[in-house]
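**Student:** this is a predicted model, with the sequence first.
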Amino acid sequence: MVADCYYAPEPGLLERVDGLEGTLAPLTEEGARWAEAMRDTLSVSRDWTPLLVEYSRLFVGPFRLPAPPYGSVYLEQENRVMGLSTNDAADFYSGEGLDLSEGFLEAPDHIAVELEFVQFLAQRESEALGMSDMKQASYYADRQRVFLERHLGAWVSQFTQRIIEETRTDFYRCLAWVTRCMVLSTLEALKSRS
């Protein structure tokens, strides 16, 4: 759900984030409050143009990019896209049998891809728990923790801070807080279980 918000906004986004606060509440009350505020900002207007303009300004360019949505920008000394950390993220995906679709034009360490990967691992953990396969559940919980420590959890604070400081919309400000609360709370919960 949160990953969807880091793609170009389009009609239907409100339906995809509807109920996010209920999903987040057991993990992070603060994140749930921000998710509710984020949903409310979407329900006020049906004109997607201002949100699309802000999305492009923050994450796409063509000029100054206030909040690059790529982990390597924050993890590499040279602040560049497609560094060693990008390859490491791609290795995590392929280690789970996943490939980026041919039509996907973003780098493997794009915020949406990393969020989707963590969601994939959490879903696998949940499925394993549902089958009482504690070994598999532990494996997927550990993969989430390690990935978050090395990737998303290591750069999410810097990335979301840039959004908070640079955005001109309440939607992206709320999204930044939702993302930060969700990722850091998930990482903390996983660390406390290991």
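**Tutor:** The structure has been received and is ready for your questions.
**Student:** grab the nearest non-local neighbour of residue 191.
**Tutor:** residue 145 (6.3 Å; Cβ to Cβ, 6 or more residues apart in numbering). Using the backbone N, CA and C atoms, a C-beta is placed for each residue, glycine as well.
**Student:** what about the one you found, helix or strand, and which?
**Tutor:** helix 134-150 (DSSP states H and E).
**Student:** follow-up on the earlier one: what residues does the residue nearest to residue 191 make contact with?
**Tutor:** Taking Cβ atoms under 8 Å, 6 or more residues apart in numbering, we find residue 145 in contact with 187, 190-191, 194.
**Student:** the residue nearest in space to the middle of the chain and residue 2, how far apart?
**Tutor:** In the chain, the C-alpha nearest the mean C-alpha coordinate belongs to residue 115, at 3.6 Å (Cα atoms, centre = their mean). Remark: distance between residue 115 and residue 2 (Cβ to Cβ, to the nearest Å) = 6 Å.
**Student:** any common contacting residues for the two?
**Tutor:** Common neighbours of residue 115 and residue 2 (criterion: Cβ under 8 Å, 6+ apart): residue 179.
**Student:** okay if I get the contacts of residue 145 as JSON lines plus pLDDT, distance to residue 166 and neighbour count?
**Tutor:** Shown next, in JSON lines, are these (pLDDT from 0 to 100; distance: Cβ to Cβ, whole Å; neighbours: other Cβ atoms under 10 Å):
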{"residue": "187", "pLDDT": "95", "distance to residue 166": "24", "neighbour count": "20"}
{"residue": "190", "pLDDT": "94", "distance to residue 166": "30", "neighbour count": "23"}
{"residue": "191", "pLDDT": "92", "distance to residue 166": "30", "neighbour count": "12"}
{"residue": "194", "pLDDT": "71", "distance to residue 166": "35", "neighbour count": "9"}
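**Student:** of those residues, just say which sits nearest to residue 126.
**Tutor:** Distance to residue 126, by Cβ to Cβ, is smallest for residue 190 among these, at 13.4 Å.
**Student:** next, count neighbours for residue 143.
**Tutor:** Other residues near residue 143 number 21, with proximity taken as other Cβ atoms under 10 Å.
**Student:** now swap in the one 5 residues further on and tell me
**Tutor:** Using other Cβ under 10 Å, residue 148 has 22 neighbouring residues.
**Student:** state the distance from it to residue 44.
**Tutor:** With Cβ to Cβ as the criterion, residue 148 and residue 44 are 33 Å apart.
**Student:** and what of residue 31?
**Tutor:** 21 Å.
**Student:** which one of these two has more residues nearby?
**Tutor:** Neighbour count, other Cβ under 10 Å: between residue 31 and residue 44, residue 31 has more, with 25 against 9.
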